[in-house]
Every structure is written in structure tokens, then in C-alpha cells.
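Visitor: got a structure for you, letters missing:
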């Protein structure tokens, strides 16, 4: 009997678990090593576009996630006073992109992914480093506090500050500060009824979105020095920056407790890696191509990476060839959108808003044309998404 191939996944986040599930589905013996003591995700909600939902279809998870999530698209872009610059419709967005954009809590997605791997495949509280990337003639070797593991494939999904990336490409500059910081909350807001929106102000933005479970996901981003933190608490900082913006922002801030607010500086990789693999080790997600969240594609691209990696698990050159150009282009687009989001000059903001409003009137979906080349992606293996809404999803 042929020996089953062994894969070691470093990192139990969304990208790592998707890779583990995809490889397990192809018959690999998988071990996931997660440094944290549990799989409780750091963060709040995640937006999934049709491209990543099609990737999840390959794992048999796409319809489950669509059913658990809220559809996005009924809403639009606003100014701090509340004026709508553009409006979108979820059905029209789904028709244009061949499927919906959906929103759900990261913990829900992580829980669903974890069901697709054997229970004993996951080891939490397990720090790991690559001791030897291996090559065609020898396996890779991963060091843990409990001893070394040999693997036919190592998947490095260890995040923005990836230690594996530094080990494989020691001369690469790594991730740099994007110039802005973010806040996120997921809370119940009694009586809140509103359309999803993103609001752009001078050097800062705010987004509010209902989740399917009745809670509200809100996020904010603003230009700030790296490492800066509020002198009192982050809720107070949000009130100072956004307290006089349109509803439902004040209502959300009133409902939030200081401990509900998460704050993280945004880092991204500006210089693309020369490859997404070395030896028998493959990088994916933020470890390979950390990008600003301005397109909502960070987690989506990690999911894509994982499914494509499982498809090309015997040819990592093909994995790099399939993923590096696409993710590099998307990361650069996210940086450009970030500059648009964070504009500060009054004249520039006026021109930006006028152009957006004009495009929205001429063709409501024209403003989303930049998402088309991203959302239209198809995985290299079937099945593909049906793009239909499960009963009761809307």
C-alpha cells in the first residue's frame, strides 16, 4: 500500500484551515499547527465575494456559508453628512458577478472549515518553525516544542509577520505600515434598521453592515502614526473621530462598550516576493501577499490560494505561476483604493465625490467595475458556484 503523503500547515487561520481541508480532501495526511491556545479568530467579520465562495464550493462548503451569511449589496457609499454618493442592489450585484457578496463572522467561517479536517489533525498552542524547506530528494522538516515533523509539503499560513517568509526569503523587506489604523466591532444595536453603507470622510472612513444573526458589524479606518493608541480608550477615540457623522454611526457607538472595540494598524507587502514557495514549503494568504483591507480581498485571496495550492500540490512552480501575478495585481489595486479612501484635501475630495456620484447615476454598477476581474475568478477544479440564494437568506 502506498504511503499517504503528509502535509504540515503552520497557522490555523482561514487560509491555513482552507488549505488543510483542501489537501485532506485529496487524500493527504494533514497536521495543522496553531500557535494560539484556541482557534478563536482575531478580528470580527469577513466579507466573501463570489471568487472565494466558488473556492469554498470545491470543499463542499459554499452553500453552507451562503446560508449562514448575510448578502451584501443593498446600500452604498455616503458622505459624513449622510448624503448618498452611490446606491447598489444586492440582486444586481449578484447577477453581475455570478454570485453574491456575503458577510459573516470570522468565527463562523473558521468553525465550518474546522469540520472539514479530522479532529486530531489540529494542534493548538503549537509554535512551529521551518528547520529545513526540503527539496525534490528530501522532505521538509518542521520544528515544534514536541519534536520535529517531516512533511512532503509545508503550508505556511502564519500571517502578516510570517516567520516562515523571513526564513525562506531573508532579504525581502517584509510588510510595512500602510499609513492607517483600523477599528472593528460586532455588537447588537437594539432598534437599529439601516442599509449597509461605507462612509468616506477626510482621511477616514466608516462602514456599517447588518449580520444575519441580528448583530451589527462596523469598521473604521483613519490615517494615524504607526503604533498610536488612544490616551483613554478606543471607544472614546471613535467618538472623537466619528461621533458627529450620520446615523446609524452614533447609535452604534452608543451601543458599543470600550472592550468591544478592536484596533489594529494595517500593514501590507509592497515588494512582491520572488516566489510563493521554496523547496517543499508554500506560502499563502497574508504570509505571501498581505494587502490593505480596502477591497475586502485579504481573506478571499487566502481561500483562493489554498484551493489552488491543493490543485498544484505536486508542482509548486505552477502554484506560484498561478497565484503571484493575480495577488500582486489585487494588492496594488487595494493600495490605490486606500489612497482614494484616505484623501484629505478638500478640493480632491470634492472631485472624487462628484465623479463617484456621476458614475452612479450613469450606470449604478459601473463604480464596481474594478471588482469584476477579481470576482469573476474560477477555481481550477469543479464544482463551481450556482450563485443562487438559499431559502431565507435575504
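Guide: Perfect, thanks for sending it. Remember, it's a predicted structure, so these values are computed and weren't measured experimentally.
Visitor: what mean pLDDT would you report for the longest strand that the chain contains?
Guide: Of all the segments assigned as strand in the chain under DSSP state E, the longest by residue count is strand 175-187. The predicted model assigns strand 175-187 a mean pLDDT of 97.
Visitor: ok, stretch 218-227 next?
Guide: Across stretch 218-227, the average pLDDT comes to 98.
Visitor: now the end-to-end length of it.
Guide: Taking CA to CA, to the nearest Å, stretch 218-227 runs 22 Å from one end to the other.
Visitor: list the buried residues in it.
Guide: Neighbour-count burial for stretch 218-227, counted by 16 or more other CB atoms under 10 Å, picks out 218, 219, 220, 221, 222, 224. Just so you know, the C-beta spots here come from the backbone N, C-alpha and C atoms, and that holds for glycine as well.
Visitor: return the distance of the longest strand of the chain from the chain's centre.
Guide: Taking the mean C-alpha point of strand 175-187 and that of its whole chain, the gap between them comes to 13 Å (CA atoms, centre = their mean, to the nearest Å).
Visitor: list the buried residues for it?
Guide: Of the residues in strand 175-187, those buried under the neighbour-count criterion (16+ other CB under 10 Å) are 175, 178, 179, 180, 181, 182, 183, 184, 185, 186, 187.
Visitor: closest to residue 356 among those residues?
Guide: residue 180 (19.8 Å; CB to CB).
Visitor: all strands for the stretch 251-394 of the chain, in order.
Guide: 262-269, 277-278, 281-283 (DSSP state E, counting those that start in this stretch).
Visitor: for the stretch 51-200 of the chain, that is, sorry about that
Guide: With DSSP E, counting those that start in this stretch, the ranges of strands along the stretch 51-200 of the chain come out as 70-72, 75-78, 84-88, 101-105, 122-124, 129-132, 140-144, 147-151, 153-156, 175-187, 196-201.
Visitor: including distance to residue 251, could the buried residues of strand 175-187 go into JSON lines?
Guide: As requested, the buried residues of strand 175-187 are exported to JSON lines (distance: CB to CB, whole Å):
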{"residue": "175", "distance to residue 251": "35"}
{"residue": "178", "distance to residue 251": "29"}
{"residue": "179", "distance to residue 251": "29"}
{"residue": "180", "distance to residue 251": "25"}
{"residue": "181", "distance to residue 251": "23"}
{"residue": "182", "distance to residue 251": "20"}
{"residue": "183", "distance to residue 251": "16"}
{"residue": "184", "distance to residue 251": "17"}
{"residue": "185", "distance to residue 251": "12"}
{"residue": "186", "distance to residue 251": "15"}
{"residue": "187", "distance to residue 251": "11"}
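Visitor: count of neighbours near the residue nearest to residue 140 when sequence neighbours are not counted?
Guide: Spatial nearest neighbour of residue 140, excluding adjacent residues (CB to CB, 6 or more residues apart in numbering): residue 134 at 3.5 Å. For residue 134, the neighbour count with other CB atoms under 10 Å is 21.
Visitor: which one is residue 277 nearest to, not counting chain neighbours?
Guide: Looking at residue 277 with CB to CB, 6+ apart, the closest residue is residue 316, at 4.0 Å.
Visitor: list the contacts for that neighbour?
Guide: Neighbouring residues of residue 316 by CB atoms under 8 Å, 6 or more residues apart in numbering: 276, 277, 280, 282.
Visitor: try it again at 10 Å.
Guide: Residue 316 makes contact with 153, 275, 276, 277, 278, 279, 280, 281, 282, 309, according to CB atoms under 10 Å, 6 or more residues apart in numbering.
Visitor: likewise for residue 213?
Guide: 68, 70, 104, 105, 108, 186, 188.
Visitor: could I get the full set of helices for this structure?
Guide: Read by DSSP state H, the chain holds these helices, from start to end of the chain: 14-25, 50-58, 62-68, 90-97, 106-114, 163-168, 234-242, 249-255, 286-289, 298-311, 316-341, 346-362, 369-375.
Visitor: mean pLDDT lowest for which of those helices?
Guide: Ranked by mean pLDDT, the helices of the chain end with helix 369-375 in last place, scoring a mean of 80.
Visitor: list the contacts of that one.
Guide: For helix 369-375, using CB under 10 Å, 6+ apart, the contacting residues are 49-54, 93, 96-99, 101, 295-297, 300-301, 304, 326, 329-330, 333-334, 336-337, 359, 363, 365, 368.
Visitor: quick revisit: now tabulate the strands of the stretch 251-394 of the chain in CSV and tack on distance to residue 375 and mean neighbour count.
Guide: As requested, the strands of the stretch 251-394 of the chain are exported to CSV (distance: least, CB to CB, whole Å; neighbours: other CB atoms under 10 Å):
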stretch, distance to residue 375, mean neighbour count
strand 262-269, 21, 18
strand 277-278, 26, 25
strand 281-283, 24, 28
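Visitor: what's the closest of those strands to residue 58?
Guide: Between residue 58 and the strands of the stretch 251-394 of the chain, the shortest separation by CB to CB is 17.3 Å, and it involves strand 281-283.
Visitor: from the buried residues of stretch 218-227, which is closest to residue 31?
Guide: Here the nearest of the buried residues of stretch 218-227 to residue 31, counting by CB to CB, is residue 219; it sits at 33.8 Å.
Visitor: select, out of the strands of the stretch 251-394 of the chain, the one closest to residue 347.
Guide: Going through the strands of the stretch 251-394 of the chain one by one, with CB to CB as the measure, strand 262-269 comes closest at 26.0 Å.
Visitor: what's the closest one packed up against?
Guide: With contacts defined as 3 or more CB pairs under 10 Å, 6 or more residues apart in numbering; DSSP states H and E, the packing partners of strand 262-269 are strand 175-187, strand 216-223, helix 234-242, helix 286-289, helix 316-341.
Visitor: contact partners for the closest residue to residue 319 other than its chain neighbours?
Guide: Distance criterion CB to CB, 6+ apart; nearest residue to residue 319, sequence neighbours excluded, is residue 312 at 4.1 Å. By CB under 10 Å, 6+ apart, residue 312 lies in contact with 277, 282, 318, 319, 320, 321, 322, 323, 380.
Visitor: rewinding a little: nearest to residue 270, out of the strands of the stretch 51-200 of the chain?
Guide: strand 175-187 (5.7 Å).
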